[in-house]
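Student: Curious how this folds, go ahead:
(chains A, B, C and D)
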2 protein chains.
Amino acid sequence: MDEISLFEERSKEFYKDYLPHVSIDCVVFGFHSNTLKVLLIRMKGQEHWGLPGGYVGKDEHIDDAAIRILKSRTGAEKVFLEQFKAFGNTGRSEKDLSYLPESIWFRQRFISVGYYALVDYEQIIPVVDDISTACEWKSVHELPAMMMDHRQIYEAALENMRFQLNYKPIGYNLLPEEFTMPDLQKLYETILGKPLSRSNFQRKMLAYDIFIKHDKERKGGAHRSPILYSFDQVKYQAALKTGLKEAW
Amino acid sequence: MDEISLFEERSKEFYKDYLPHVSIDCVVFGFHSNTLKVLLIRMKGQEHWGLPGGYVGKDEHIDDAAIRILKSRTGAEKVFLEQFKAFGNTGRSEKDLSYLPESIWFRQRFISVGYYALVDYEQIIPVVDDISTACEWKSVHELPAMMMDHRQIYEAALENMRFQLNYKPIGYNLLPEEFTMPDLQKLYETILGKPLSRSNFQRKMLAYDIFIKHDKERKGGAHRSPILYSFDQVKYQAALKTGLKEAW
DNA sequence: GCCCATTGTCTCATTATGATACAATGATAA
DNA sequence: TTATCATTGTATCATAATGAGACAATGGGC
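Tutor: Below you'll find the model as predicted:
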């Protein structure tokens, strides 16, 4: 079955179950081998990659829709999810979807609500659903061309995450349970988009007093082993409430 | 004509012109006599106040719709407008609008896109349109009860503005052309929700070197007259690009 | 002309930051 | 076993930023 027939088939359900004109796109971030990753899919019939997305049930809260969509893509139940902006250009999908017949659900004009999700890379299994041909992690340093305005949505998500770095448990949700200061620094450098001083970074982070220091190191490599830390949830959450720097 | 007949009448146009299920709500901030204000309306048939809002033309960019809505309410053409979040609870309007017949446009489920606007209080003339009975400035310190989830939208707008205080021209857009350091401090204190040290605030702001100091003061009051300043647009915009504090 | 509230500016102790140095560690290879 | 080297943990020092407080300057009211 070619994708157009498939889409026609699926359109019937979509029109029945979902709210028209409203969609959801998720920017799913993971962190693996010192690199920030984004989960991308390839929709059937599309050359370019896109963000995993979906639609909102006629009687479903948009946040619940995002949770559902994310679970269907990653299997993950409890993920950090933050809605950050809506995207409603006219002609958002024109370039990539105008080859489809107008009756197909996807040809509508959609106002897309953008969410970003933070997941533990190791805990997730990307799922390819029936309207896509691929679902893979891509490094943010080597992002492929993306369909529609998804690149812009990704950029907005990253910027939003940057703003929230001192107020939301971003480190906790992207890193594994145990991690090292160099790990955390790489994550911060990627999100902030600039290099940070190694010694000063460590001094500052440790001064927050939000970590539990473990009595073990991570071996591997011909050099001194870094100490493993975890977040001290109580202190961490308390510190996030007022923000990790507090300039004013 | 009672409001139900009116709404039935207007519903026809709405269904014809606007995208269903998508609405826009604007949190319009102004600053007057050292107080932050929000523009609120009272919809016909409603006890509680609400945010000025509207709908998106079937072929209109959501940002353009927000600009149009704002202009119709304030007459202002060029206002600072920032979209910050979408609101899509099910039953958002149930409490306040379920008394209306189901056929009426307003009874739909709407996903509302939230914008906040910063305007010069002096330049604006609040407009009461045909579906509302009032349109007035209210002090954020004495906000009346609000309909639907509008209180929550307002809170989110304020929080967003707080986060953006160092990155967007918030002072410039809320204050008149000429202002004093005590004015600016009051504005910051209201947005941040806490008192700031007078002398240290002034030292810090002036150190940014983003102001033009005028050779005059504002007289009035049995005390020393504060110096008038304006923003130096070139330096101001440049400073905002990297942020006014830069902790990392 | 005195009083008082408010503003502009300064000082000083404390803290945070940037830059740099250096010892500690663990794998590798001689 | 020991030397080597990359990386990490930690210390140091100069500089900058911040918090707290003092005090003089100003303008209107009495």
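Student: can you give me the helices for chain A?
Tutor: For chain A, the helices defined by DSSP state H cover A:3-17, A:62-74, A:94-97, A:150-164, A:170-174, A:181-192, A:198-207, A:233-242.
Student: Is it possible to get the ones you listed out as a markdown table so that each row also shows mean neighbour count, distance to B:Gly75 and mean pLDDT?
Tutor: To be clear about C-beta, it is placed using only N, CA and C from the backbone, and glycine gets the same treatment. Converted to a markdown table, the helices of chain A look like this (neighbours: other CB atoms under 10 Å in any protein chain shown; distance: least, CB to CB, whole Å; pLDDT from 0 to 100):
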| stretch | mean neighbour count | distance to B:Gly75 | mean pLDDT |
| --- | --- | --- | --- |
| helix A:3-17 | 14 | 41 | 92 |
| helix A:62-74 | 20 | 33 | 95 |
| helix A:94-97 | 16 | 34 | 88 |
| helix A:150-164 | 19 | 31 | 96 |
| helix A:170-174 | 21 | 42 | 97 |
| helix A:181-192 | 18 | 41 | 96 |
| helix A:198-207 | 13 | 49 | 96 |
| helix A:233-242 | 13 | 40 | 94 |
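Student: Get me the contact residues on chain A for DNA strand C.
Tutor: A:197-200, A:203-204, A:207, A:217, A:219-225, A:245 (CB under 7 Å from any atom of the strand).
Student: what about 10 Å?
Tutor: Selection of chain A residues close to DNA strand C by CB under 10 Å from any atom of the strand yields A:195-205, A:207-208, A:216-227, A:244-247.
Student: So which of these reach DNA strand D?
Tutor: Within the residues of chain A next to DNA strand C, those near DNA strand D by CB under 10 Å from any atom of the strand are A:197-203, A:217-218, A:220-227, A:245-247.
Student: And the buried ones among those residues, selectable in ChimeraX?
Tutor: In ChimeraX syntax, the buried subset of these is picked out as below (16 or more other CB atoms under 10 Å in any protein chain shown):
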select /A:201,202,226
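Student: I'd like the helices of chain A laid out as CSV, including distance to B:Lys95.
Tutor: Converted to CSV, the helices of chain A look like this (distance: least, CB to CB, whole Å):
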stretch, distance to B:Lys95
helix A:3-17, 26
helix A:62-74, 19
helix A:94-97, 38
helix A:150-164, 31
helix A:170-174, 34
helix A:181-192, 40
helix A:198-207, 46
helix A:233-242, 30
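Student: and B:Asp17, which of these is closest to it?
Tutor: helix A:94-97 (21.1 Å; CB to CB).
Student: what does chain A put close to DNA strand D?
Tutor: A:34, A:180-186, A:197-203, A:206, A:213, A:217-218, A:220-229, A:245-248.
Student: longest single strand anywhere in chain A?
Tutor: When chain A is parsed with DSSP state E, its longest strand is strand A:18-32.
Student: quick one: the spatially most central residue of chain A from A:Ile153, how far?
Tutor: Taking CA atoms, centre = their mean as the criterion, A:Val28 is the residue nearest the geometric centre of chain A, at 1.8 Å. Note on A:Val28: its distance to A:Ile153, by CB to CB, to the nearest Å, is 12 Å.
Student: same deal with A:Ser197?
Tutor: Counting by CB to CB - A:Ser197 and A:Ile153 are separated by 32 Å.
Student: pLDDT score for the residue lying closest to A:Ala117 once chain neighbours are set aside?
Tutor: Nearest-residue entry for A:Ala117: A:Val28, 4.6 Å, with adjacent residues in sequence omitted and distances by CB to CB, 6 or more residues apart in numbering or on different chains. At A:Val28, the model reports a pLDDT of 97.
Student: Contacts only, for A:Val28.
Tutor: A:Val38, A:Leu39, A:Pro52, A:Leu70, A:Arg73, A:Thr74, A:Tyr116, A:Ala117, A:Val119 (CB atoms under 8 Å, 6 or more residues apart in numbering or on different chains).
Student: wait, isn't the first one in contact with A:Lys138?
Tutor: When you say that, I think you mean A:Val38. Yes. Between A:Val38 and A:Lys138 there is a contact under CB atoms under 8 Å: 5.6 Å.
Student: ok, for A:Val211, nearest residue in space, not its chain neighbours?
Tutor: Careful, residue A:211 is Phe and not Val. With CB to CB, 6+ apart as the criterion, A:Phe211 has its nearest non-adjacent residue at 4.3 Å, and that residue is A:Tyr229.
Student: Would you mind listing the residues in contact with the one you found?
Tutor: A:Glu178, A:Phe179, A:Thr180, A:Met181, A:Leu184, A:Phe211, A:Ile212, A:Lys213, A:His214.
Student: can you put the residues you listed in CSV and add distance to B:Glu82?
Tutor: Below are the contacts of A:Tyr229 laid out as CSV (distance: CB to CB, whole Å):
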residue, distance to B:Glu82
A:Glu178, 39
A:Phe179, 35
A:Thr180, 38
A:Met181, 36
A:Leu184, 31
A:Phe211, 35
A:Ile212, 39
A:Lys213, 41
A:His214, 43
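Student: For B:Asp59, which of the helices of chain A is the nearest?
Tutor: helix A:94-97 (11.8 Å).
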